[in-house]
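J.: coordinates only, sequence not included:
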């Protein structure tokens, strides 16, 4: 769990104060009975209280099912702020424990066991809003080892602070003048400064981080439950849901998009219609070793079965498919035309070689009423060529585009970049750098060139306009 974000929570400081009072009192009582130095014992109780409060104090809502993020390269994030803070919180505990108990192996084993216990509690106790991470345990282990090494070095230099003297088991140590008392005072001061510095570093970083990170919009329980229900219907009832967030949309009239994340991928669901918009998942856990790749028609049949179950509105649309390079995956697309105009509805489903669905993109848009088409492809080509001379125009696609809240029939021309920047006409689109290729759009009723802003708004339609114009762009995944 990221201490940078939770250390400023009131629960952390309340827990630290209560735990510190209990542990310091217990340490002082034990020191009085055993004759160990009280300042060192009290500091150890305080350091241990800080570690427990920063890692186990409740800071949020339940985090879901038990689990732990395990990275094989546990030191991949070494020396990042979160990693360093975990190490700094553990080092004083092992350092003071070595000085107090003078047993390197026992202390190292104890602090490592403590770190492992903390991660297990974070993994199993979902109600405290924490998460288990192997990198945190690696940081704790590094801090523990550093503290043990520093404590051992201090003892070898002649430092005192723990059990000492002679006199047999059970006898209390008799206080005697210690010529190293100033040096002990210095090490106590340094330890307190380290603890204070760690707390200040965490608090300062927390203030900076939380003030520059925008808040995540809260998702009401009704919306959360509906989105999770849709995701499980699409990917199976056993999918592990990690969370639900609301995506920001600059269009105030658009439906709210809820993003459901899982261990395997994500699903975007529109609210309140609960229509799935797009989704993607990793198929590593679903892959069967040695399984033969299905032929193209079997892959298409698998995608059609999935579409019939979850996107019945696409029934009756024209189905096309194309391979996605040499990945073994296939893109299956549903499109509908009306009097030669490609309608805005679209459905793209990507299946792998076994026929399993890897991703989808869906838009359930009713066929809009359009004005009649009065401009043919050749006239539209002439208009586009005049606006940007020297540009090579490909075969156009006639499609419906929403321009300023009005649906229009538009000719869309794919283009190729000009090798000569001198051919660039900045008046066509001042924001377009030389040598790049826009996609000119010509109104099929008025023969007017559609402004460049409308071209950008329609950019998502063009790559998937028709399988006959090259492979369609695949959804994320």
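T.: The structure has been received and is ready for your questions. Predicted, not measured: the structure shown is a model, and the values here were computed from it.
J.: C-alpha from now on. contacts and neighbour counts both.
T.: OK.
J.: which SSE is residue 228 in?
T.: When secondary structure is defined by DSSP states H and E, residue 228 falls within helix 221-235.
J.: low pLDDT regions in this structure?
T.: Applying pLDDT under 70 to the predicted model, the residue ranges of the chain that meet it are 1-10, 59-77, 79, 126-129, 158-217, 248-254, 284-291, 415-438, 452-477.
J.: where along it do the helices fall?
T.: Here the chain has its helices, by DSSP state H, at 3-6, 10-34, 38-56, 81-101, 104-124, 134-156, 181-212, 221-235, 296-310, 377-387, 452-457.
J.: do you know how far the nearest residue in space to residue 376 that is not next to it in sequence is from residue 335?
T.: Leaving aside its sequence neighbours, residue 376 sits nearest to residue 444 (CA to CA, 6 or more residues apart in numbering; 7.2 Å). Residue 444 sits 20 Å away from residue 335, taking CA to CA, to the nearest Å as the criterion.
J.: these two - which one has more neighbours?
T.: Neighbours per residue, other CA atoms under 10 Å: of residue 444 and residue 335, the larger number sits with residue 444, 25 against 22.
J.: I'd guessed the more buried one sits against residue 401; true?
T.: No: at 10.8 Å, residue 444 and residue 401 do not qualify as touching, with contact defined as CA atoms under 8 Å.
J.: the closest residue to residue 412 other than its chain neighbours: how many residues sit nearby?
T.: Distance criterion CA to CA, 6+ apart; nearest residue to residue 412, sequence neighbours excluded, is residue 441 at 4.6 Å. Using other CA under 10 Å, residue 441 has 29 other residues around it.
J.: list the contacts of residue 441.
T.: Applying CA atoms under 8 Å, 6 or more residues apart in numbering, we find residue 441 in contact with 384, 410-413, 449-451, 455.
J.: what's the answer for residue 20, then?
T.: The neighbourhood of residue 20, defined by CA under 8 Å, 6+ apart, consists of 45-46, 49-50.
J.: out of those, which is nearest to residue 140?
T.: Of all the contacts of residue 20, residue 140 sits closest to residue 50, with 13.5 Å by CA to CA.
J.: what's around the closest one, how many residues?
T.: Using other CA under 10 Å, the number of residues around residue 50 comes to 23.
J.: tell me how far the nearest residue to it once chain neighbours are set aside lies from residue 100.
T.: Ranked by CA to CA, 6+ apart and with sequence neighbours excluded, the top spatial neighbour of residue 50 is residue 16, at 5.8 Å. Distance, residue 16 to residue 100, by CA to CA: 22 Å.
J.: repeat that for residue 15.
T.: 25 Å.
J.: do the same with residue 12
T.: 27 Å.
J.: repeat for residue 36
T.: Between residue 36 and residue 100 the distance is 7 Å, computed by CA to CA.
J.: ok, back up a step: can you tell me which of the helices of the chain is most buried?
T.: helix 81-101 (a mean of 24; mean count of other CA atoms under 10 Å).
J.: who does that helix touch, helix- and strand-wise?
T.: Using 3 or more CA pairs under 8 Å, 6 or more residues apart in numbering; DSSP states H and E as the contact criterion, the neighbours of helix 81-101 among helices and strands are helix 3-6, helix 38-56, helix 104-124, helix 134-156, helix 181-212.
J.: could you check the angle helix 10-34 makes with it?
T.: Put simply, helix 81-101 runs at 10 degrees to helix 10-34, going by axes from the mean of the first three to the mean of the last three CA atoms, to 10 degrees.
J.: how much space between residue 317 and residue 311?
T.: The span separating residue 317 from residue 311 equals 11 Å under the rule CA to CA.
J.: circling back to that earlier point, tell me how far the residue nearest to residue 412 lies from residue 447.
T.: 10 Å.
J.: so what sits against both of residue 444 and residue 401?
T.: 408-410.
J.: among those residues, who's most crowded?
T.: The shared contacts of residue 444 and residue 401, ranked by neighbours (other CA under 10 Å): first place residue 410, 30 neighbours.
J.: my guess is that one contacts residue 443, does it?
T.: Yes: under the criterion of CA under 8 Å, residue 410 is in contact with residue 443, at a separation of 4.6 Å.
J.: now do the contacts for the residue nearest to residue 15 when sequence neighbours are not counted.
T.: When the adjacent residues along the chain are set aside, residue 15 lies closest to residue 53, with 5.5 Å between them (CA to CA, 6+ apart). By CA under 8 Å, 6+ apart, residue 53 lies in contact with 12-13, 15-16, 19.
J.: apply 10 Å and report the result again.
T.: Taking CA atoms under 10 Å, 6 or more residues apart in numbering, we find residue 53 in contact with 7, 11-20.
J.: closest to residue 278 out of those residues?
T.: Distances from the contacts of residue 53 to residue 278 were compared by CA to CA; the smallest belongs to residue 7, at 36.4 Å.
J.: wouldn't residue 22 be in contact with residue 48 here?
T.: No: the pair formed by residue 22 and residue 48 falls short of the contact definition of CA atoms under 10 Å, at 11.1 Å.
J.: tell me, what's touching these two both at once?
T.: Each of residue 16 lies in contact with both residue 22 and residue 48 under the rule CA under 10 Å, 6+ apart.
J.: picking that back up, where does the residue nearest to residue 376 fall, phi/psi-wise?
T.: phi -80, psi 0 (degrees, to the nearest 10).
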